[in-house]
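A.B. asks: please work out how this folds:
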Amino acid sequence: MCRPSCCDNSRRQGAGIAAVAAILVGALIVAKIGPIVARIIHIALEVIRITALTAAAVLMFAATAWLTLMIVRWWLRHHGAQRRAVLQPVSTAAWQHMTAGDRPACLACGGSGQVLKAISGSRYQPWACPVCEPAEWAG
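C.D. replies: Model prediction:
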């Protein structure tokens, strides 16, 4: 026998009504929670942006300080040392004409208390004798 058409349609309509109700509840939840989630994401992205800008600024400051330090060191190495150097001509004639008995006891400085420190190439600077200086301190 045949079923009445009203009984068959009620089952289909019940499932459709439940699906529409579920969609409406989901849309209502998304509508209420969506702005809150969007605000949280916006704040998180702002924190990331500020952190990245701060890190970039610190890195730029460190690089500038390092570069300035390198330039100052280079400048002092090339210009500062040349100004402070007192260059004196070296005379070895007096030492060569002395006999072995006339020469002073110190082999490093020849009794003068100063040795010549090489600065660059053939340039020298007088320096305290490391051999005689401790004896002078002792008295």
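A.B. asks: tell me the secondary structure of Leu116, please.
C.D. replies: With DSSP: H, G, I helix; E, B strand; the rest coil as the basis, the three-state label of Leu116 is strand.
A.B. asks: tally of neighbours for it?
C.D. replies: Other residues near Leu116 come to 13 when the count uses other CB atoms under 10 Å. Backbone N, C-alpha and C define where each C-beta goes, glycine included.
A.B. asks: what's the average pLDDT for the longest helix anywhere in the chain?
C.D. replies: If each helix of the chain is counted by residues according to DSSP state H, the longest one is helix 5-75. For helix 5-75, the mean per-residue pLDDT is 88.
A.B. asks: do stretch 121-131 as well
C.D. replies: With pLDDT averaged residue by residue, stretch 121-131 scores 79.
A.B. asks: and that stretch, which residues are buried?
C.D. replies: Applying a neighbour-count criterion of 16 or more other CB atoms under 10 Å, the buried positions in stretch 121-131 are Tyr124, Gln125, Pro126, Cys129.
A.B. asks: and the third one, its phi and psi?
C.D. replies: The phi and psi values for Pro126, taken as degrees, to the nearest 10, are phi -70, psi 140.
A.B. asks: and for it, nearest residue in space, chain neighbours not counted?
C.D. replies: Closest residue to Pro126 in three dimensions, ignoring its sequence neighbours and counting by CB to CB, 6 or more residues apart in numbering: Gln114, at 4.6 Å.
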